[in-house]
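Q: generate a structure from the sequence data that follows.
(chains A and B)
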Number of protein chains: 2
Amino acid sequence: MINIRYVLEARPSGAASEQHFRREELPVQQPEEGEVLIKVHNISLDPAMRGWMNEGTTYVKGVEVGAVMRAFGAGEVIVSKHPGYLVGQMVTGLLGVQQFAVEKGAYLTLVNTDIAPLSWYLGLLGMPGLTAYFGLLDKANPKAGETVLVSGAAGMVGSLVGQIAKIKGCKVAGIAGGSEKCTYLTDELGWDVAIDYKNTPDIAARLRETVPNGIDVFFDNVGGEILNAALTQLARGCRIVICGAISQYNQTTPVGPSNYLKIVSARGTLTGIIVFDYFPRAQEAINDISSWVKEGKIKYREHIIPGIEQFPAALNKLFTGENQGKLLIQNIHA
Amino acid sequence: MINIRYVLEARPSGAASEQHFRREELPVQQPEEGEVLIKVHNISLDPAMRGWMNEGTTYVKGVEVGAVMRAFGAGEVIVSKHPGYLVGQMVTGLLGVQQFAVEKGAYLTLVNTDIAPLSWYLGLLGMPGLTAYFGLLDKANPKAGETVLVSGAAGMVGSLVGQIAKIKGCKVAGIAGGSEKCTYLTDELGWDVAIDYKNTPDIAARLRETVPNGIDVFFDNVGGEILNAALTQLARGCRIVICGAISQYNQTTPVGPSNYLKIVSARGTLTGIIVFDYFPRAQEAINDISSWVKEGKIKYREHIIPGIEQFPAALNKLFTGENQGKLLIQNIHA
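A: So this is what the prediction gives:
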């Protein structure tokens, strides 16, 4: 059996592209004691991956040059040398951009495909789902009637944040790129406000019109000018949760929010969400989110791209905003 | 009796100077029912005054063009038409840049000059003292053994923050401009680290050397590059308290902290201190600080400039860092 995988060939300084990865074909490795061999069905493409390509350590260590590119994945145990896993069980973990993965059992999560499709455990019921759930509910604790603003609102995390905020009785405003995404937010998801940043020259002015009482919770996936605009319209006591800054990951000179003193005058707080901190509480999120799905309160879209060879090009869709829903590679095994 | 006062003549776009104020001489006004007339002894010069010269509202409304420049002051009641004040009592309040002030009683604070000189109620026992006390203790809640970094460390607020942190058993590092100020911090105040930003090309590198375990609490008076450097050396769970951004107040294009995502990876929080919120608790701070002074645990310096005519030039000393201690004007009444 052959494993096709993508390793980090060189660190990008701006956007990542084809040239920063190297495709390799190698015989599939066999697991040692305590390990399992997994046939990877889905590879998750997440904005955080761009940061993992940098040198040094932020919340996790950067990928080494020459190592398999780090990615979340979901697959099936096909050989097990770990007492906790049986052949045929479905798991998720940091399986990398490859078709087969050998992993220590301790680093894997068993998932229940009776309640949801396997791929959902990379999105709605995986890291992005947990990020949205705990980032909103634990970090920002929105109250019914409050106004929640979400940037990157049509993305995986953003769209879930806003839907959970609606369930909690909040007024929800989203910022997204393009009229199609904005129509999705208002017409499909029932949000109160959608701002198309690509066709809004002055986002701060639009926020003054659309959320005149100010932003109580801002869940930011984007950074840059959108963050800076949101800071001008904070309500007193606002909570800002920084989830990411996708507008900045490809910038060699990132921009800071020059309006940060508005947090002070609004008596606000700025904090962040690192989903790894919430692993021990994952089941809370999975229970709630899957109940909401069953009750028809959550809509979920996947954007599945077939074939690992599409990986480098597909990754870029996250940064150009071309994806419609949770972006995944579907492995096609030889 | 003649009142000399300075009114806001024009709004500055960068630094404030002589041309933005107009000196006026007018007969002293008499108080109406509910008001008192105060002979102003000391006018406080504070970094916040630059912000008050701007149009619009942040945490308070900007001063109107043509109105007396807003400033804290301390003085003696010389005529009272308010039942709560007797002639001869000492008060503080927003008395403005002038020699005599007519104020509503409700806006004044009676002070006890038996326990401290009147002018101290504009500094150590006034707004700046409360800012340092509540900003550090209530907002950041430092624990013994933690590392507290203070910028603008030789200034009124900064030097008090660090001294309170020392009392609480913290390791204290300060960033200040010039070797004289840095020697004051280490030799006079007994702080653990002092970094002279004027002679330190790479502040982030110096922080890595001097606070290798990271910053648990950062109390920032300065903003700009110093804030950005501090963000690179945060300890996990750090609390950042933004008090001000004196490096930015005179900038037409303020700089935001491009390293703000470090707050996320450090699981930190950023918040601010607005001293007005703590007025109801002022006595807590006054009690503690005056006890510490009595016990010899707090050192305090005043930089008193005689004559209201020095006001515009004196205000600028805050921004050039020329002041040594709490900056005040001493009125000389005709």
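
Q: name the residues of chain A found near chain B, please.
A: Contact residues of chain A with respect to chain B, defined by C-beta under 8 Å from any C-beta of the partner chain, are listed as A:58-59, A:223, A:228, A:242, A:245, A:248, A:253-265, A:267-274, A:277. C-beta: built from backbone N, CA, C; applies to glycine.

Q: just the buried subset of these, please.
A: When burial is judged by neighbour count using 16 or more other C-beta atoms under 10 Å in any protein chain shown, the buried members of these are A:58-59, A:223, A:228, A:242, A:245, A:248, A:254-265, A:267-274.

Q: in stretch A:155-170, what counts as buried?
A: By neighbour count, with 16+ other C-beta under 10 Å as the criterion, the buried positions of stretch A:155-170 are A:155-166, A:168, A:170.

Q: filter the buried ones among the residues of chain A next to chain B down to just the ones in helices.
A: A:228, A:261, A:262, A:263, A:264, A:265 (DSSP state H).

Q: and the first one, how far from residue A:318?
A: If I follow you right, that is residue A:228. Distance of residue A:228 to residue A:318, computed by C-beta to C-beta, to the nearest Å: 22 Å.

Q: ok, residue A:24 next?
A: As it turns out, when the distance is counted by C-beta to C-beta, residue A:24 lies 23 Å from residue A:318.

Q: so for these two, which sits in the more crowded spot?
A: Neighbour count, other C-beta atoms under 10 Å in any protein chain shown: between residue A:24 and residue A:318, residue A:318 has more, with 22 against 14.

Q: which helices and strands sit right next to the strand or helix carrying that one?
A: In this structure, residue A:318 sits in helix A:311-320 according to DSSP states H and E. On a contact count with 3 or more C-beta pairs under 8 Å, 6 or more residues apart in numbering or on different chains; DSSP states H and E, helix A:311-320 meets helix A:48-52, strand A:326-330.

Q: got a list of what residue A:306 touches?
A: A:329, A:330, A:332 (C-beta atoms under 8 Å, 6 or more residues apart in numbering or on different chains).

Q: over to it: give its phi and psi.
A: In terms of degrees, to the nearest 10, the main-chain angles of residue A:306 are phi -80, psi 130.

Q: for my notes, confirm residue A:217 occurs in a helix.
A: No. When DSSP: H, G, I helix; E, B strand; the rest coil is applied, residue A:217 is found to be strand, with no helix at that position.

Q: that one and chain B: what is the separation?
A: From residue A:217 over to chain B the distance is 15 Å, taken as C-beta to the nearest C-beta, to the nearest Å.

Q: so residue A:214 makes contact with residue A:235?
A: Yes. In this structure, residue A:214 sits in contact with residue A:235. The criterion is C-beta atoms under 8 Å, and the distance is 3.0 Å.

Q: between those two, which contacts overlap?
A: Residues within reach of residue A:214 and of residue A:235 at once, by C-beta under 8 Å, 6+ apart, are A:147, A:266.

Q: domain ranges for chain A?
A: Following automatic domain parsing, chain A resolves into domains at A:2-124+A:300-330, A:127-276.

Q: please identify the most buried of those.
A: Sort the domains of chain A by mean neighbour count, taking mean count of other C-beta atoms under 10 Å in any protein chain shown, and domain A:127-276 sits at the top with a mean of 21.

Q: now that one: mean pLDDT?
A: For domain A:127-276, mean pLDDT rounds to 96.

Q: how distant is that domain from the center of its chain?
A: Its chain's average C-alpha position is 15 Å from that of domain A:127-276, according to C-alpha atoms, centre = their mean, to the nearest Å.

Q: ends of that domain, how far apart?
A: The distance separating the two terminal residues of domain A:127-276, taken as C-alpha to C-alpha, to the nearest Å, comes to 8 Å.

Q: before we move on, what about stretch A:134-145?
A: Between the opening and closing residues of stretch A:134-145 lies a distance of 19 Å (C-alpha to C-alpha).

Q: what's the helix or strand harbouring residue A:180 packed up against?
A: Here residue A:180 is covered by helix A:179-183, with elements defined by DSSP H and E. Counting contacts by 3+ C-beta pairs under 8 Å, 6+ apart, the secondary-structure elements packed against helix A:179-183 are strand A:193-196.

Q: now the element after the strand it packs on, going C-ward?
A: Past strand A:193-196, the next helix or strand by DSSP H and E is helix A:203-210.

Q: got the CA positions of that next one in PDB?
A: Below are the C-alpha coordinates for helix A:203-210, written out as PDB (Å, rounded to 0.1, in the frame of the first residue of the first chain):
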ATOM      1  CA  ILE A 203     -17.600  49.500   7.800                       C
ATOM      2  CA  ALA A 204     -17.500  51.600  11.000                       C
ATOM      3  CA  ALA A 205     -20.200  53.800   9.600                       C
ATOM      4  CA  ARG A 206     -22.300  50.800   8.600                       C
ATOM      5  CA  LEU A 207     -22.000  49.400  12.100                       C
ATOM      6  CA  ARG A 208     -23.200  52.700  13.600                       C
ATOM      7  CA  GLU A 209     -26.300  52.400  11.400                       C
ATOM      8  CA  THR A 210     -27.000  48.700  11.900                       C
END
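
Q: which other helices and strands does that helix contact?
A: When contacts are defined as 3+ C-beta pairs under 8 Å, 6+ apart, helix A:203-210 packs onto strand A:171-176, strand A:193-196, helix A:224-230.

Q: partner strands of the first one, with direction?
A: When sheet partners are counted by DSSP bridges, strand A:171-176 sits next to strand A:147-151 (parallel), strand A:193-196 (parallel).

Q: got the contact list for that strand?
A: The contact list for strand A:171-176 (C-beta under 8 Å, 6+ apart) reads A:145-155, A:158-159, A:162, A:165-166, A:182, A:185, A:191-197, A:203, A:207, A:210-211, A:215, A:222, A:226, A:230.

Q: and the last one, by the same measure?
A: Outside helix A:224-230, the residues that touch it by C-beta under 8 Å, 6+ apart are A:149, A:151, A:175, A:197, A:202-204, A:207, A:215, A:218, A:220, A:240, A:245, A:247-248, A:255, A:257-259, B:256.

Q: now do 7 Å
A: Helix A:224-230 is contacted from outside by A:149, A:151, A:175, A:197, A:203-204, A:207, A:215, A:218, A:220, A:245, A:247-248, A:255, A:257-259, B:256, using C-beta atoms under 7 Å, 6 or more residues apart in numbering or on different chains.
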